[in-house]
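K.L.:
sharing a sequence plus its predicted fold:
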Amino acid sequence: MGCRRTDCLSKPLSGLFEKLGSIVGSCPLYFFVIPLILTAALSGGFAFLRDREDNDLERQFTPRKGPSKATRAFVRENFPFNDSMFSVDRLYDKGNFASLIAVSTDNSNILANPAFEDIIRFNNKILNITVHNGTLGFNDVCAKANGGCVSNVILEIIGSNETQIIFPVYAHRSSSVFLGSALGGVITDANSSVISAQAVKLFYYLDNTESTADASKLWLRGFKKLLSDETGGKHIDVSYYTSKSKQEEIDSHTTDGFPLFLITYACAITFSVISCLRLDNVRNKVWVAVFGVLSSGLAVLSSFGLLLYIGVPFVITVANSPFLILGIGLNNMFILVSDWQHTNVKDPVPKRMAHSYKEAIMSITITALVDVLKFSIGFTSDFPSVQSFCLYTSTSIVFCYIYTITFFGAFLALNGKREASNRHWLTCMKIPSDDLDHRSEIYNICCVGGGYDKNTGAEKKQPASNFFKDYYGPFLIKPWVKGVVIFLYVVYLAASIYGCFYVQQGIELYDLAADDSHVTIFNRKDRQYFSDYGPSVMVIVSEEFPYWDNTKRHQLQGCMEDFKRLQFVDEDIYTSWLDSYLAYGQETHLNLDDEGVFLKNLAQFFDLFPFFKQDVNLTGDAIHASRFFIQTVDIANASMEIRMLEGLETTTGRCHAASLLVYNRKFIYYDQYGVVISSTIKNVAVITAVMLVVSLLLIPNPLCSLWVTCSIGSVTVGVTGFMVLWDISLDSISMIIFTVCIGFTVDFSAHVSYAFVSSRKTSPDDKAVDALTSLGYPILQGALSTVLGVSVLATSNFHTFRTFFKIFFLVMFIGMLHGLTFIPVILTLCTCRSEKDESKDKSLKISKL
């Protein structure tokens, strides 16, 4: 199998990098100081950090062109909300409210005393909250209906000592009250009468008009202060939540990743120092490791500062970016240091730098280009949070690349000058290169250095590199070991594919909050006790319709019956202005099949039932739009939300009687479900295509390029499948992390494959051992340093950071497993024994990591 070389670009670029390396080696001080000055100037942008923070849940974490946003605009235009007749089902946005969930501490019936007495006590305290120096209370800011504040009817019902409370719909004061959102963990008898309940949820709705906005905000603060000070009584445990809670929680923790970032950098410096530690007091690379990590830090400061200067929004997801840049920076450092160590120690520093840049910077350049290209995909995302993340990260990669070839390269040259003078790594004092007989053993250990390999003129190889040559490589090429590896790969692939069918979708918005946040506590209790009933859904007739036409009306009612027959809809809980109007017509002996009679009597009907007036857009002599309400059930998790949304959309499409829309204010967030999977597949496909082109540039062997591309697909399937075992859902946040991390897998497979085809050995087994000898330790070193760098995120209180660690760990571990085990074995099995073209090509060289 021949190898066609594709170095029409690499040769001239390598020549340019060789000249650059010589210049950096000749004048390192300029290249060292200028990035420091630039960073100092750009980091001033952090002064605008608070102004640039933008974590608006709807704007950042929902699709920009989500269909529910268009539906909401239609609802807002056709069904204006009547603030004097408040109805929670008719809200088209979240509104203004406070809520609490009370749970019995001993799992007893919370509707019985003394637990219920504690609830009444809490309710009274809340109703007595005042603001503006006691001049405004709940009655002044509450949402109103029928001239009074909207109250918690459940307290009136329980307090009236009713002998039978029918659940979930109870007739109270000549009207039906839905109790599914007020009582949780309900046990009923055969007649649907409540026997006991485990939880009670109370709502305090506030006026949402501009005139009371400031007072409502102050009242919510008072509510939060009261409930944070009193988390329950002797008999109940209380958790609370307000309409502002999620936003306030995220806004208050946007920069919480920075302390973790500092800890991560400390860990990275420690590992890098250990990795670059040498027993030779001259060849020691301790300071090189420190400044290699520092180079990544400067890149983050410069890029973030620049974007903050120009006004790019800073979203909480951007806090993950520095950890990625650290991984990229460490890989760049190990590549450059490795090539420096292969140069002749007796050559002048400019010449050594020229050789290092020629061999290493080409590989770093290709990696940087691929990274920038893959993040450019994110610029087209429908999620603004993804766009911000990709912009910050791609800019950081550019700065990381620039600082690697300037700042870090300059320090490597300065360190080279120290080595050339045979100076001690710590004191910079000149020391002898050979042991002195008249000196003590401790002196010879601590104050002697400068040794090198006399045969090659380069620095001595590290012991870890010999492990792959003498032990791991020969073991891997044994026939029975190959069989075991192939068997394990098949098992891995089968388990991964199986897991892919069980990946969960959707984000719980409380996942954006800290684990111990009142938002998280409230929402988990809400899921636990109140998931039997989901949101009330508007079914909207979005066009002019002849409701008086008996035939067409029956067709429309047939469509409504289809909705009520859905598995996740309670057919007995249904609100219809049309059915109520028809019943009213029967009672008053009206012929509502007549258009004139139908339209003429609507006004009188709305006077009797004022809430229904908000459900009909009657303009002139035509009804331009109307809406009905269905009640969903058993919406316990994001998967059920997806199933519900799909079922509603399918039923809407099947109705031919009229053009229908479905809406609930929560659907704004459910829109992500229709975008996440398609976006992830698109992103991975584009990344794979980019990787294929790059691998063809790196590995001028079509078969090996194909295996590199296949390895990306294999890692993608593996990470997706094993996400299930680690309880990771596919959502807008994990989509960012997933598509970003997958790109890192090419480094392992591509370099091993290139080393394999470029090896001068003739036997495939020998080629595999040769490739592992050259790259086994650097790959292991780079993977471990990167995983260690982000491992601190595993301890974070935030789901976002833990998800980043989990996916990053899976990608690095599975990618490393492919590069060090699966790919070498597969290449030995798929490569012919005789490859004369490659063995004769003496000019092919590989950039060692």
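P.N.:
Nice, I can see it.
K.L.:
C-alpha from now on. contacts and neighbour counts both.
P.N.:
OK.
K.L.:
which neighbouring elements make contact with the helix or strand hosting Ser356?
P.N.:
According to DSSP states H and E, Ser356 maps onto helix 349-377. With contacts defined as 3 or more Cα pairs under 8 Å, 6 or more residues apart in numbering; DSSP states H and E, helix 349-377 has these neighbours: helix 10-26, helix 321-341, helix 384-403, helix 409-420, helix 673-698.
K.L.:
buried residues in the first one?
P.N.:
Translated: helix 10-26. 10, 13-26 (16 or more other Cα atoms under 10 Å).
K.L.:
that helix packs against which elements?
P.N.:
helix 349-377, helix 409-420.
K.L.:
rerun at 6 Å
P.N.:
Here helix 10-26 touches helix 349-377, going by 3 or more Cα pairs under 6 Å, 6 or more residues apart in numbering; DSSP states H and E.
K.L.:
pull the most distant pair out of the buried residues of helix 10-26.
P.N.:
Ser10 and Ser26 (23.9 Å; Cα to Cα).
K.L.:
sorry, back to before: which positions in the helix holding Ser356 come out as buried?
P.N.:
Using 16+ other Cα under 10 Å as the test for burial, helix 349-377 gives 349-372, 374-377.
K.L.:
angle of that helix against helix 384-403?
P.N.:
170 degrees (axes from the mean of the first three to the mean of the last three Cα atoms, to 10 degrees).
K.L.:
could you give the separation of the helix or strand encompassing Val811 from the chain centroid?
P.N.:
Using DSSP H and E, Val811 sits within helix 799-817. Centroid separation for helix 799-817 versus its chain: 12 Å, with Cα atoms, centre = their mean, to the nearest Å.
K.L.:
keeping just the C-alphas, turn it into CSV.
P.N.:
This file holds the C-alpha atoms of helix 799-817, laid out as CSV (Å, rounded to 0.1, in the frame of the first residue of the first chain):
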residue,chain,number,x,y,z
HIS,A,799,-24.5,20.4,37.5
THR,A,800,-23.0,22.4,34.6
PHE,A,801,-19.4,21.9,35.8
ARG,A,802,-19.9,18.3,36.8
THR,A,803,-21.4,17.5,33.4
PHE,A,804,-18.3,19.1,31.8
PHE,A,805,-16.0,16.9,33.8
LYS,A,806,-18.0,13.7,33.1
ILE,A,807,-18.1,14.2,29.4
PHE,A,808,-14.5,15.4,29.2
PHE,A,809,-13.3,12.4,31.2
LEU,A,810,-15.3,10.0,29.0
VAL,A,811,-13.9,11.6,25.8
MET,A,812,-10.3,11.6,27.0
PHE,A,813,-10.4,8.1,28.5
ILE,A,814,-12.2,6.5,25.5
GLY,A,815,-10.1,8.5,23.0
MET,A,816,-6.8,7.5,24.8
LEU,A,817,-8.0,3.8,24.8
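K.L.:
which residues touch Ile623?
P.N.:
By Cα atoms under 6 Å, 6 or more residues apart in numbering, the contact set of Ile623 is 544, 617.
K.L.:
if I look at Phe545, how far off is Met560?
P.N.:
15 Å (Cα to Cα, to the nearest Å).
K.L.:
check Gly66 too.
P.N.:
Distance from Gly66 to Met560, by Cα to Cα: 25 Å.
K.L.:
angles on the backbone of the residue nearest to Ser385 when sequence neighbours are not counted, please.
P.N.:
Spatial nearest neighbour of Ser385, excluding adjacent residues (Cα to Cα, 6 or more residues apart in numbering): Gln60 at 4.8 Å. Phi and psi for Gln60, reported as degrees, to the nearest 10, are phi -90, psi -30.
K.L.:
what does Thr163 give?
P.N.:
Dihedral angles (degrees, to the nearest 10) for Thr163: phi -70, psi -30.
K.L.:
for it, which residues are in contact?
P.N.:
So Thr163 contacts nothing (Cα under 6 Å, 6+ apart).
K.L.:
could you do Val169 as well?
P.N.:
So Val169 contacts 177-179 (Cα under 6 Å, 6+ apart).
K.L.:
now which of the residues you listed would you call buried?
P.N.:
For the contacts of Val169, buried by 16+ other Cα under 10 Å: 177-179.
K.L.:
next step: those residues restricted to strands.
P.N.:
Counting by DSSP state E, these place 177-178 in strands.
K.L.:
pLDDT and distance to Ala768 added to the buried ones among the contacts of Val169, as a markdown table?
P.N.:
What follows is those, written out as a markdown table (pLDDT from 0 to 100; distance: Cα to Cα, whole Å):
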| residue | pLDDT | distance to Ala768 |
| --- | --- | --- |
| Val177 | 88 | 74 |
| Phe178 | 90 | 70 |
| Leu179 | 90 | 69 |
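K.L.:
in TSV, list the buried ones among the contacts of Val169 along with distance to Val675.
P.N.:
Output for the buried ones among the contacts of Val169, formatted as TSV (distance: Cα to Cα, whole Å):
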residue	distance to Val675
Val177	37
Phe178	34
Leu179	34
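K.L.:
show me which of the buried ones among the contacts of Val169 is closest to Ile158.
P.N.:
Leu179 (11.6 Å).
K.L.:
now do the phi/psi pair for that closest one.
P.N.:
The phi/psi pair for Leu179 (degrees, to the nearest 10) is phi -100, psi 0.
K.L.:
who's in contact with the nearest residue to it once chain neighbours are set aside?
P.N.:
Distances taken as Cα to Cα, 6+ apart put Pro168 closest to Leu179, at 5.0 Å, once the chain neighbours are dropped. Contact analysis of Pro168 by Cα under 6 Å, 6+ apart lists 178-180.
K.L.:
turn these into a markdown table, columns for distance to Glu646.
P.N.:
Shown next, in a markdown table, are these (distance: Cα to Cα, whole Å):
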| residue | distance to Glu646 |
| --- | --- |
| Phe178 | 25 |
| Leu179 | 27 |
| Gly180 | 23 |
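K.L.:
what is the burial count for Asp51?
P.N.:
When neighbours are defined as other Cα atoms under 10 Å, Asp51 has 12 of them.
K.L.:
sticking with it, tell me its helix or strand.
P.N.:
Residue-wise, Asp51 maps onto helix 49-52 under DSSP H and E.
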